[in-house]
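# the amino acid sequence is not available; the structure is as follows:
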């Protein structure tokens, strides 16, 4: 086993201490001095610990340890006089992904507090070669409040995070200050870091024994190239987990008042990407013009003129309802609605920019009645958004 010194920010963090003796008291006192919000659980509490708890304002529960005691904890310290209990606390903390120091169970501890008679001198974080793990985490459609609980949990203990431009600053604020942050760019047709290099970085960091998060907008498996990254991790023989996110189409539909399916209007919903590997727009056109369906095109803004032209050529009426949603779920969300025949002109006038999604189908007509989040585009360009539309939309 190898270790590395680490600084752990405890201010305001919830920490569980299991044990009622002098060792638990000393550890709790040190943790409390460093700003931790302490809960001490023990069936047998010695008077000195009870007095320290009263003086320090710790939450003291004089009962047996329960698994629920770990809920919301950043760190657990198993410091009872019973080694079996310390093992049990460590096992449950490890299962939940909570950092743990277990007295008499060093091999089960993910973090070690090396203490003398006075106070802990240092923290040692366990980093075993080959013991790391990669997490492909969906950051959701934009609004940080739509991040899943599991995503928050994983981000909160990450050693390294690979992120791109779709990661909201509020989401990145969940990442520990000690963690490495690697910006890998990635926008349509412009990749700051090639995909092959991202794959190699993930494998390398995990092989160092780190907890590595690959943070992706929306869901990792919906046009996020998560499958390619997972194949690389699997081929390298490293451990991984996928944390789903609310994909952009779902967030866009919900916040724009356009249900993707509806018994009266759409029995089928199709997601397609408007940006293929070679930059072309070779889509399954015949499938996209079928009746009674909603079509959502990811990364479709650049090819919007050809998209509308081709769909009409394949049989959809110029009056077929269509919309483009920019910055879905965020305060600056903008929605342009129209039809295939005039959508390009409307989007050009609105000067929409990526990231945007295109929505096609009768459900677009429901927006006027079901919108709850923002008003439709009124023809005026909001202040500060006077940049020209993307080149593909200029001049039709």
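Noted; the coordinates are in hand. Everything numeric here is computed off the predicted structure, so don't read it as measured data. Numbering: from 1, shown residues only.

# mean confidence for the helix or strand hosting residue 307?
For residue 307, the host element (DSSP states H and E) is helix 304-313. The predicted model assigns helix 304-313 a mean pLDDT of 95.

# so for residue 388, what's the pLDDT?
Value for residue 388, per-residue pLDDT: 41.

# over to the one 4 residues further on?
pLDDT, the model's per-residue confidence, is 40 for residue 392.

# same question for residue 191.
Residue 191 is given a pLDDT of 51.

# just the pLDDT for the residue nearest to residue 170 when sequence neighbours are not counted.
The spatial neighbour of residue 170 that comes closest, neighbours along the chain excluded (CB to CB, 6 or more residues apart in numbering), is residue 144 at 3.9 Å. In this view, the C-beta of every residue, glycine as well, is placed from N, C-alpha and C. With respect to pLDDT, residue 144 scores 91.

# number of nearby residues for residue 144?
Residue 144 sits with 18 neighbouring residues when counted by other CB atoms under 10 Å.

# also the one 5 residues further on?
A count of neighbours around residue 149, defined by other CB under 10 Å, yields 8.

# so residue 214: helix, strand or coil?
Following DSSP: H, G, I helix; E, B strand; the rest coil, we place residue 214 in the strand state.

# hey, what's it bridged with?
With DSSP bridges as the criterion, residue 214 is bridged to residue 136, residue 162.

# can you check the one 4 residues further on too?
According to DSSP bridges, residue 140 are recorded as the beta-bridge partners of residue 218.

# report the contact partners of it.
Shown in contact with residue 218 (CB atoms under 8 Å, 6 or more residues apart in numbering): 138-141, 166, 224, 245-248, 251.

# 10 Å - rerun?
Listed by CB atoms under 10 Å, 6 or more residues apart in numbering, the contact set of residue 218 reads 138-142, 166, 224, 226, 244-252, 298, 328, 355.

# next: residue 307.
Contacts of residue 307 by CB under 10 Å, 6+ apart are 272, 274, 281, 283, 285, 288, 295, 297, 300-301, 322, 340, 343-344, 358, 360, 392.

# so how far is residue 143 from it?
For residue 307, the distance to residue 143 equals 27 Å [CB to CB, to the nearest Å].

# mind telling me what element residue 281 is part of?
Per DSSP H and E, there is no helix or strand for residue 281.

# not counting residues beside it along the chain, what's closest to residue 342?
Once flanking residues are discounted, residue 342 sits nearest to residue 318: 8.0 Å by CB to CB, 6+ apart.

# thinking that neighbour is in contact with residue 341, fair?
Yes - counting by CB atoms under 10 Å, residue 318 does reach residue 341; the two are 3.2 Å apart.

# any common contacting residues for those two?
Common neighbours of residue 318 and residue 341 (CB under 10 Å, 6+ apart) are 308, 312.

# list the beta-bridge partners for the nearest residue to residue 361 once chain neighbours are set aside.
Counting by CB to CB, 6+ apart, residue 361 lies nearest to residue 294, which is 3.8 Å off, once chain neighbours are set aside. Per DSSP bridges, the residues bridged to residue 294 are residue 269.

# burial measure for residue 294, as a count.
The local packing of residue 294 (other CB under 10 Å) involves 25 other residues.

# follow-up on the earlier one: enumerate every residue touching the residue nearest to residue 342.
Counting by CB under 10 Å, 6+ apart, the residues that residue 318 touches are 308, 311-312, 339-343.

# work out for me the element it sits within.
Taking DSSP H and E as the definition, residue 318 sits outside all helices and strands.
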